[in-house]
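# Give me the fold of what follows.
(one chain, ligands or ions: 2)
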Amino acid sequence: GRSCTVIGGSGFLGQHMVEQLLAKGYRVNVFDIQQSFEREQVTFYLGDLCDKEALLPALQGVSVVFHCASPAPSSDNRELFYKVNFLGTKTVIAACREARVQKLVLTSSASVVFEGTDIKNGSEDLPYAQKPIDYYTETKILQEKEVLSANDPDNDFLTTAIRPHGIFGPRDPQLVPILIQAAQSGKMKFIIGDGKNLVDFTYVENVVHGHILAAEKLHKDSPLCGKAFHITNDEPIPFWTFMSRILTGLDYDPPKYHIPYWLAYYLALLLALLLALLRPLVTIKATFTPMRVALAGTFHYYSCERAKRAMGYRPVVSLDEAIARTVQSYPSLRRARA
Ligand SMILES: NC(=O)C1=CN([C@@H]2O[C@H](COP(=O)(O)OP(=O)(O)OC[C@H]3O[C@@H](n4cnc5c(N)ncnc54)[C@H](OP(=O)(O)O)[C@@H]3O)[C@@H](O)[C@H]2O)C=CC1
Ligand SMILES: CC(C)CCC[C@@H](C)[C@H]1CC[C@H]2C3=C(CC[C@]12C)[C@@]1(C)CCC(=O)[C@@H](C)[C@@H]1CC3
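Numbers count the residues shown, from 1 in each chain. Ligands and ions are numbered 1, 2, ... in the order given. Next up is the predicted model:
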């Protein structure tokens, strides 16, 4: 039973999944649209997950499939999100069934319930967002529903979904690089709101640990069947404290001026409108967007009690240790001192 395929295994989370799975003695296949590393023990299958014929060889003889592939949220491509996250996931399910895979573990997102307003210690019982924060998240909802409803113990096919939030750690191409780029261009001067809003940032190794536990505890009649689980660091932290710790860790100044939340939100909205008007002439991608203001200025942290109860989950790396390891892993982003 210790053979698996990681769909999306070349990505940030996927690479960490592969490393921990190998360390635990799993035989690992990777299916991805690109190959980002080479390891003797890993068999790579290159292809698009929307293509069942390309997927099938990667799933032969494996008992567990981890599906953590997705187009990057920043690609901002509605058609691609729908095709890969929704239609592609249906294809993954069909391929798993055809290859007689027994377990499918999906990487979903805690944002499937977030509408841009405060969530404090949210449980998995919160309803899916009626107005998701972006189209990417809309397709993550469609994807999760599809996977959970495919759970079919009578036909030896079990499914579950992990909902991480704010994944960070070494090799993350998003959070730390975007933040440092914003600092380098002088955009990290302001704290949106009073700076007290708590958010979950989850170290990548804890996210991986949650996925592997889920696969191992997913059995017929287990409470994991067809259900979603939050996996967090279980240490919510004020959004701006987290940002400041990463910034100061890399020798940048933390933001110190406060701007009211509503003012930041309407300024970002105005900027978005302006950029939309200019779009026929020039395309500019804003760092300062209403969605980011909402992420930076509201509470969004979640309870992982259900994962603790159902699979014995506990974070394995504390937030302090996780921040230290992350900062250390980006020597090239450290501020050059004059
Ligand atoms: N990062 C975060 O904070 C969070 C992430 N998640 C979820 O976790 C998962 C992993 O995220 P992350 O590791 O950050 O993402 P990455 O973009 O780093 O990894 C995704 C991988 O999937 C590949 N991929 C994309 N489209 C296809 C396709 N059609 N067929 C095969 N492979 C494909 C990507 O290739 P390429 O790069 O060439 O597109 C990439 O290698 C995603 O499902 C994401 O929604 C959930 C919550 C938070
Ligand atoms: C916890 C989240 C779900 C995951 C974090 C994703 C991050 C890549 C972004 C989310 C909020 C973003 C953000 C900024 C940078 C990238 C994020 C951390 C800014 C700090 C960029 C500079 C600005 O203009 C600020 C208003 C942005 C605040 C939000």
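
# what's the closest non-adjacent residue to the one residue in the stretch 1-150 of the chain that gets nearest to ligand 2?
Residue nearest to ligand 2 within the stretch 1-150 of the chain: Ser111 (6.2 Å; CB to the nearest ligand atom). Where C-beta positions appear, they are placed from N, C-alpha and C, glycine not excepted. With sequence-adjacent residues excluded and distances taken as CB to CB, 6 or more residues apart in numbering, Ser111 is closest to Thr137, at 5.0 Å.

# list the contacts for Leu213?
307, 311-313 (CB atoms under 8 Å, 6 or more residues apart in numbering).

# Closest one to ligand 2 out of these, please.
Ala307 (18.1 Å).

# Which helix in this protein has the most residues?
Across the chain, the longest stretch assigned as helix under DSSP state H is helix 261-278.

# does that one come close to ligand 2?
No - if you take CB under 6 Å from any ligand atom as the test, helix 261-278 misses ligand 2, and the best it gets is 6.8 Å.

# immediately after that helix, which helix or strand?
Sequence-wise, the next helix or strand downstream of helix 261-278 (DSSP states H and E) is helix 290-297.

# how about that next one: buried residues?
Residues of helix 290-297 classed as buried: 290, 292-297 (neighbour count, 16 or more other CB atoms under 10 Å).

# among those residues, which are in reach of ligand 2?
When contact is defined as CB under 6 Å from any ligand atom, those meet ligand 2 at 292-293, 295-296.

# biggest separation within those, which pair?
Pairwise distances among these were taken by CB to CB; the largest, 7.4 Å, belongs to Val293 and Leu295.

# Tell me the spacing between the closest residue to Thr232 other than its chain neighbours and Leu213.
Residue nearest to Thr232 in three dimensions, not counting chain neighbours: Asp200, with 4.4 Å by CB to CB, 6+ apart. Distance from Asp200 to Leu213, counting by CB to CB, to the nearest Å: 18 Å.

# Residues of the stretch 101-250 of the chain that sit close to ligand 2?
Counting by CB under 6 Å from any ligand atom, the stretch 101-250 of the chain comes close to ligand 2 at 165-166, 174-175, 178-179, 182, 187, 199.

# If any of these are buried, put those into a PyMOL selection.
Buried subset of those, written as a PyMOL selection, criterion 16+ other CB under 10 Å:
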select buried, resi 165+166+175+179+182+199
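
# and the stretch 51-200 of the chain, which residues reach ligand 1?
Those residues of the stretch 51-200 of the chain that sit near ligand 1, judged by CB under 6 Å from any ligand atom, are 68-72, 84, 88, 107, 109, 140, 164, 166-167.

# let's see it at 8 Å
Counting by CB under 8 Å from any ligand atom, the stretch 51-200 of the chain comes close to ligand 1 at 67-73, 75, 80, 83-85, 88, 106-111, 136, 140, 163-168, 172-175.

# Lys220: neighbour count?
A count of neighbours around Lys220, defined by other CB atoms under 10 Å, yields 10.

# Met311 is in contact with Ala214, isn't it?
Yes - Met311 lies in contact with Ala214 (CB atoms under 8 Å); the separation is 5.9 Å.

# Thanks a lot, catch you later.
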